[in-house]
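[1] No letters, just coordinates:
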């Protein structure tokens, strides 16, 4: 979309000077380029959401020196800025940021997913609906662990040795995450250089997705900045299996021993003219914890909770999301969907009926009973929806469905009994002997209407 728009605006620039009319004369192009860009952007979801262009700039570009119609690949910094915009005080900004994070091109991107999930509980219905839509478009169904993100703070170093004869150490740190079995490695980032200081303080924070906590290792390299080629002071590492995976745990603070290139402890000091380091051991002080920790069961709990939302659109989107991510026959999900057969919104009731047909095993006794209960609802439209759902979740002559329906011929409401009489023809074929026997037993009921 942005590529076509950019091409079009380039053509407009060429026409901006003058255009020819039928008589071959020239006239100035009356619509300035800014108006044309606004007209084109008015067709985008951003403008339809009621966002002015300046808000669009703030949400999408987050300070990048490009115009709104010139899209750039979403890097990690842009995703994090969008995550910050998703917590903005303006619900329109939050919804727009979630729309960008939930773009289908981010499918499987757990970083975006971790920013979207908390907004499922947003008090504004439009924001919650945008979060649900984003989840459906980028989350991976059936994935064992949706997201784990570690937050690392490189606080300081103590007793950094100098690598040159003159001056103190100009230290900085490079942090990496390595998965040893696969050899996969990613650089988290680097701290700034602290000049002429043997005990530098950085307090630099990094965020990084974790692939396998049992095998991932956080690696650190400490350097002395030296112009062309920086001198390696030493290295250290921390295995992530030492970090508690539970949520809301305090920071794990570590003072890691820095080892030089020979595997020996790096120490501070010079011993006269022998140029040998002597003194206290060098240590790197870090703090680490899990900042986000999401499993499929956590996601499903959020989807089920949103079925209680006031907005019918939010409830409808919740049903669609549950259908996309729940496993076939999931009892908790089936019970929640069956309850939505009594929803006040017709589209929600229809969607619940279709989902039961897809997710439930045919003739499941528990599902049949849940649906049959809805035939006793005081509202006529819900009773009829229950009969239609019963047709989908059970075969004819199924004993569970027959027992559930015939038992409700004894209901006190005559409207319910009338509907149940019709439902009998749905669950049983004419001449079906067990059905006839079950109905005949009711002839002995003491109530004349039964």
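    Nice, I can see it. Here the structure is a predicted model, which is why all the values come from computation and not from measurement.

[2] for the stretch 51-200 of the chain, what spans make up the strands?
    Here the stretch 51-200 of the chain has its strands, by DSSP state E, counting those that start in this stretch, at 147-158, 171-179, 184-190.

[3] May I see these organised as JSON lines, with distance to residue 91, mean pLDDT and mean neighbour count added?
    Bear in mind the C-beta positions are built from the backbone N, C-alpha and C, glycine included. Below are the strands of the stretch 51-200 of the chain laid out as JSON lines (distance: least, C-beta to C-beta, whole Å; pLDDT from 0 to 100; neighbours: other C-beta atoms under 10 Å):
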{"stretch": "strand 147-158", "distance to residue 91": "24", "mean pLDDT": "86", "mean neighbour count": "21"}
{"stretch": "strand 171-179", "distance to residue 91": "35", "mean pLDDT": "93", "mean neighbour count": "21"}
{"stretch": "strand 184-190", "distance to residue 91": "33", "mean pLDDT": "89", "mean neighbour count": "14"}
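
[4] Distance to residue 138 added to those, as TSV?
    As requested, the strands of the stretch 51-200 of the chain are exported to TSV (distance: least, C-beta to C-beta, whole Å):
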stretch	distance to residue 138
strand 147-158	11
strand 171-179	22
strand 184-190	20
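
[5] Please identify which of these is closest to residue 317.
    Each of these has some distance to residue 317 by C-beta to C-beta; the shortest is strand 147-158, at 20.6 Å.

[6] just checking, what packs against that closest one?
    When contacts are defined as 3 or more C-beta pairs under 8 Å, 6 or more residues apart in numbering; DSSP states H and E, strand 147-158 packs onto helix 110-116, strand 171-179, strand 201-209, strand 216-224, strand 283-294.

[7] among those, which is nearest residue 350?
    helix 110-116 (26.9 Å).

[8] just checking, what packs against the closest one?
    helix 76-85, helix 91-101, helix 125-138, strand 147-158, strand 283-294.

[9] Using CSV, please lay out those together with distance to residue 426.
    Listed next are those as CSV, based on distance: least, C-beta to C-beta, whole Å:
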stretch, distance to residue 426
helix 76-85, 50
helix 91-101, 43
helix 125-138, 33
strand 147-158, 45
strand 283-294, 42
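
[10] Which one, of those, ends up nearest to residue 308?
    Residue 308 lies closest to helix 125-138 among these, at 11.4 Å (C-beta to C-beta).

[11] can you list contacts of that closest one?
    In this structure, residues lying in contact with helix 125-138 by C-beta atoms under 8 Å, 6 or more residues apart in numbering are 91-92, 94-95, 98-99, 101-104, 106-109, 112-113, 116-117, 119-122, 299, 303, 306, 309-311, 313-314, 317-318, 320-321, 324.

[12] between that helix and helix 91-101, what angle do the directions make?
    0 degrees (axes from the mean of the first three to the mean of the last three C-alpha atoms, to 10 degrees).

[13] which one of the helices and strands packed on strand 147-158 is the most hemmed in?
    helix 110-116 (a mean of 24; mean count of other C-beta atoms under 10 Å).

[14] Give the rounded mean pLDDT of it.
    Taken as a whole, helix 110-116 has a mean pLDDT of 79.

[15] same question, stretch 357-370
    Per-residue scores along stretch 357-370 average to 89.

[16] How about stretch 218-227?
    According to the model, stretch 218-227 has a mean pLDDT of 90.

[17] try stretch 250-259
    In this model, stretch 250-259 has an average pLDDT of 86.

[18] Contact partners for residue 347?
    312, 316.

[19] Angles on the backbone of the residue lying closest to residue 196 once chain neighbours are set aside, please.
    Distance criterion C-beta to C-beta, 6 or more residues apart in numbering; nearest residue to residue 196, sequence neighbours excluded, is residue 168 at 4.5 Å. Backbone torsions for residue 168, taken as degrees, to the nearest 10, come to phi -90, psi -170.

[20] ok, so what distance separates residue 168 from residue 131?
    Applying C-beta to C-beta, to the nearest Å, the value for residue 168 to residue 131 is 50 Å.

[21] Between these two, point out the one with more neighbours.
    Taking residue 168 and residue 131 together and counting by other C-beta atoms under 10 Å, residue 131 has the greater number of neighbours (30 against 18).

[22] And that one, how far from residue 244?
    Note on residue 131: its distance to residue 244, by C-beta to C-beta, is 28 Å.

[23] burial measure for the residue nearest to residue 339 when sequence neighbours are not counted, as a count.
    Closest residue to residue 339 apart from its sequence neighbours, by C-beta to C-beta, 6+ apart: residue 307 at 7.6 Å. By the measure other C-beta under 10 Å, the count of residues near residue 307 is 19.

[24] would residue 307 count as being in a helix?
    Yes - the assignment for residue 307 is a helix, going by DSSP: H, G, I helix; E, B strand; the rest coil.

[25] is it true that it touches residue 321?
    No - Residue 307 is beyond contact range of residue 321, at 10.0 Å (criterion: C-beta atoms under 8 Å).

[26] show me where pLDDT drops low in the stretch 201-350 of the chain?
    245-249, 263, 265-279, 292-298 (pLDDT under 70).

[27] What are the boundaries of the helices in it?
    296-305, 312-325, 331-339, 346-359 (DSSP state H, counting those that start in this stretch).

[28] Go through those and pick out the most buried.
    Most buried among these, counting by mean count of other C-beta under 10 Å: helix 312-325, with a mean of 21.

[29] helices or strands up against it?
    Using 3+ C-beta pairs under 8 Å, 6+ apart: helix 312-325 touches helix 125-138, helix 296-305, helix 331-339, helix 346-359.

[30] how far off helix 296-305 does the first one point, in degrees?
    Yep, that's helix 125-138 we're talking about. 140 degrees.

[31] Now do helix 125-138, average pLDDT.
    Mean pLDDT, computed over helix 125-138, is 85.

[32] For that helix, which residues meet the burial criterion?
    125-138 (16 or more other C-beta atoms under 10 Å).

[33] how much space is there between the nearest residue to residue 378 once chain neighbours are set aside and residue 385?
    Excluding its sequence neighbours, the residue lying closest to residue 378 (C-beta to C-beta, 6+ apart) is residue 413, at 7.7 Å. Residue 413 sits 17 Å away from residue 385, going by C-beta to C-beta.

[34] one step back: using TSV, please lay out the helices of the stretch 201-350 of the chain together with distance to residue 187.
    Converted to TSV, those look like this (distance: least, C-beta to C-beta, whole Å):
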stretch	distance to residue 187
helix 296-305	29
helix 312-325	33
helix 331-339	41
helix 346-359	44
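
[35] Looking at the ones you listed, which is nearest to residue 427?
    Distance to residue 427, taken as C-beta to C-beta, is lowest for helix 346-359 among the helices of the stretch 201-350 of the chain, at 15.4 Å.

[36] Which elements pack onto the very next helix or strand once past the closest one?
    Downstream of helix 346-359, the first helix or strand assigned by DSSP states H and E is helix 365-373. With contacts taken as 3+ C-beta pairs under 8 Å, 6+ apart, helix 365-373 sits against helix 331-339, helix 380-393, helix 399-406.

[37] Lovely, talk soon.
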